[in-house]
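K.L.:
task: produce atomic coordinates for the following.
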Amino acid sequence: MTSTEEFRQYLDVCPLLAIIRGVTPDEVEATGRSLFDAGIRIIEVPLNSPEPLKSIRRLADSFGERALVGAGTVLGPVQVAEVQAAGGRLFRTEPELSRVLLNNVLRLLSADSGLAPR
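P.N.:
You can find the predicted model right below:
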């Protein structure tokens, strides 16, 4: 399954993406559980939230493959690697990102990880 197909699979369950901005790691699991119980299967933690990588890790550990968890406000390839290491599988970038940055991000994502576009 391609990354696009996987995204659509989660989106077919519920056509909404939850952005949980400003939520702390201590609050994230309860927030994520409420969203999941409401039917939402795509959860984004913006990288300008408090300790976002810790929150992403907690959500990824809690939901595994049952939800697509990742990051927003991803501004560079280092952040992509950090989100990946935290268990994130969704990356939303700012619209004005350059082609060079996009190419660098794609190089970090291996085809085997299921995260690189195909």
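K.L.:
quick one, grab the pLDDT at the closest residue to Arg21 other than its chain neighbours.
P.N.:
What sits nearest to Arg21 in space, not counting adjacent residues and going by CB to CB, 6 or more residues apart in numbering, is Pro46, at 5.1 Å. In this view, the C-beta of every residue, glycine as well, is placed from N, C-alpha and C. Looking at Pro46, its pLDDT reads 94.
K.L.:
same thing with Arg33?
P.N.:
98.
K.L.:
confidence score at Leu115?
P.N.:
So Leu115 comes in at 51 (pLDDT).
K.L.:
beyond the longest strand along the chain, next helix or strand please.
P.N.:
When the chain is parsed with DSSP state E, its longest strand is strand 68-74. Under the assignment DSSP states H and E, the closest C-terminal helix or strand after strand 68-74 is helix 77-85.
K.L.:
which positions within that following helix qualify as buried?
P.N.:
Pro77, Gln79, Val80, Glu82, Val83, Gln84 (16 or more other CB atoms under 10 Å).
K.L.:
measure Pro15 to Gly39 for me?
P.N.:
To Gly39, Pro15 is 10 Å away according to CB to CB, to the nearest Å.
K.L.:
and the longest strand of the chain, what does it pack onto?
P.N.:
helix 3-13, strand 42-46, helix 52-63, helix 77-85, strand 90-93 (3 or more CB pairs under 8 Å, 6 or more residues apart in numbering; DSSP states H and E).
K.L.:
the last one pairs with which strands?
P.N.:
With DSSP bridges as the criterion, the sheet partners recorded for strand 90-93 are strand 68-74 (parallel).
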